[in-house]
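A.B. asks: Return a 3D structure for these sequence lines:
(4 chains)
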Protein chains: 2
Amino acid sequence: MTAQRRKDRERAERHRLILETARGIAEADGWDAVTTRRLSEAIEYSQPVLYSHFTGRTAIVDGVALVGFGELAGALRAALAAAPRPDAALAAVAAAYLRFAGEHPATYRAMFSMDTGLTFADESSPEPLRAAFAAIRDALVGVTGAHDPETRTELAWAALHGLATLDAGHRLRPGHGERRLAALLGLLGADVPG
Amino acid sequence: MTAQRRKDRERAERHRLILETARGIAEADGWDAVTTRRLSEAIEYSQPVLYSHFTGRTAIVDGVALVGFGELAGALRAALAAAPRPDAALAAVAAAYLRFAGEHPATYRAMFSMDTGLTFADESSPEPLRAAFAAIRDALVGVTGAHDPETRTELAWAALHGLATLDAGHRLRPGHGERRLAALLGLLGADVPG
DNA sequence: CTCCATAATCTAGCATTGCTAGCTCCAGTA
DNA sequence: TACTGGAGCTAGCAATGCTAGATTATGGAG
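C.D. replies: This next block holds a predicted model:
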């Protein structure tokens, strides 16, 4: 049964290849360019192979999103751990969040802006997403009175997400990202009444 | 030439009908359900008629987005005008913004989350969008020290947009919208150092 | 080493999509 | 009343996601 073991490994590798290739095409030419034909050609397999790994095109997008959640959680945790002092942690985490969104716009879109089959906000929420949420909350708790941290974390997340998506859509003034981030940190750092 | 006048009127009316129907289908069954065939059938014309009004499907989405910008700007201006005192204006505007996004999710998607041919952030930005931005800024200026109002307006907008989109994607705890809005208003109302 | 059953992979094609070429037919003019 | 221009439709193309059925490779039994 050692042959089976090897096949499983090759299959997992190809699974990874599909996701990586899809992500690459999406980051290069947008998600519309990720057609099953182009993707299958890029991985040098025929289209039906894709369907032996994923239930359909949207499942592939979901797969990329999941990888993204893992990366984002890692980046936030790393920023949190590397921050010298608690009050610097929030700035580091926020900057890391916006950097991730800016450097991987298509991945970020898959995670947050595309019709998805993933479920959230309940127990079946992907673990990496919960980890990313926890990183933001931990950073916030370190800097503020920690009154109702869940709500404040949701709010900080929403602000970061709004900045990321509006900026990606060129809805905000270019070149003012630093200033906006500073303003956000100023708000979040301040004690909130109520 | 009175016949021409009538034709122009009918044509404008049909233009409006197309946008309204497309929006209705999108709000009912999502944008994926807005196919040129279903849309043309709903307006009781053949498909090519759509292309005599719009350059393509995305132009129709853009048209709905533009209508949405107009409505949003109107709602924000109304909220601003109806607020009894300046410090209540911000709460009214923010609530109106989230209400609009919650009541017309597909329209809101067309405005902010879909690949669009519209341009923003420069002079050619749609006028209604600039009007909506101005309404938020005016509300903010009334409540705070108005230091760097452009940046603070972008930030407030981003927070509202983030709350709207994450909530629409069921990424936030249900039933806590009021609390999040209150927390946001608390942050924005507080004076920010720097 | 050979044969064969199983699994893996591909070829070919379906239904649906956005979009368009070219015909038809009707309204308005002389 | 004949004619012309344009408004609208029928029919069809290329591209998409997806799948059925044929085909080839794999690996164990004799």
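
A.B. asks: next SSE after the least confident helix or strand in chain A by mean pLDDT?
C.D. replies: Least confident helix or strand, chain A: helix A:127-143 with a mean of 83, by mean pLDDT, DSSP states H and E. Toward the C-terminal end, the helix or strand that comes next after helix A:127-143 (DSSP states H and E) is helix A:149-168.

A.B. asks: so that next one versus helix A:127-143, what angle?
C.D. replies: Angle, helix A:149-168 to helix A:127-143, by axes from the mean of the first three to the mean of the last three CA atoms, to 10 degrees: 110 degrees.

A.B. asks: Against which helices or strands is helix A:149-168 packed?
C.D. replies: For helix A:149-168, the elements it packs on are helix A:86-103, helix A:105-112, helix A:127-143, helix A:177-189, helix B:149-168, helix B:177-189, judged by 3 or more CB pairs under 8 Å, 6 or more residues apart in numbering or on different chains; DSSP states H and E. (Glycine included, C-beta is placed from N, CA and C.)

A.B. asks: now the second one and helix A:86-103, what's the angle there?
C.D. replies: Going back to what we said before, that points to helix A:105-112. 110 degrees.

A.B. asks: low-scoring pLDDT stretches of chain A, where are they?
C.D. replies: The model of chain A has pLDDT under 70 over residues A:1-5, A:121-124, A:144-146, A:190-194.

A.B. asks: Could you rerun that using 90?
C.D. replies: Applying pLDDT under 90 to chain A flags the ranges A:1-10, A:83-87, A:115-149, A:188-194.

A.B. asks: could you point out the longest helix in it?
C.D. replies: helix A:2-29 (DSSP state H).

A.B. asks: Give me the contacts around the next helix or strand after that helix.
C.D. replies: Going down the chain from helix A:2-29, the next helix or strand is helix A:36-42, by DSSP H and E. Helix A:36-42 has contacts (CB atoms under 8 Å, 6 or more residues apart in numbering or on different chains) with A:I18, A:T21, A:A22, A:I25, A:S46, A:Q47, A:V49, A:L50, A:R57, A:I60.

A.B. asks: Quick one: list the elements packing against the helix or strand just after helix A:36-42.
C.D. replies: Following helix A:36-42 in sequence order, the next helix or strand is helix A:47-53 (DSSP H and E). Helix A:47-53 sits against helix A:2-29, helix A:36-42, with contacts defined as 3+ CB pairs under 8 Å, 6+ apart.
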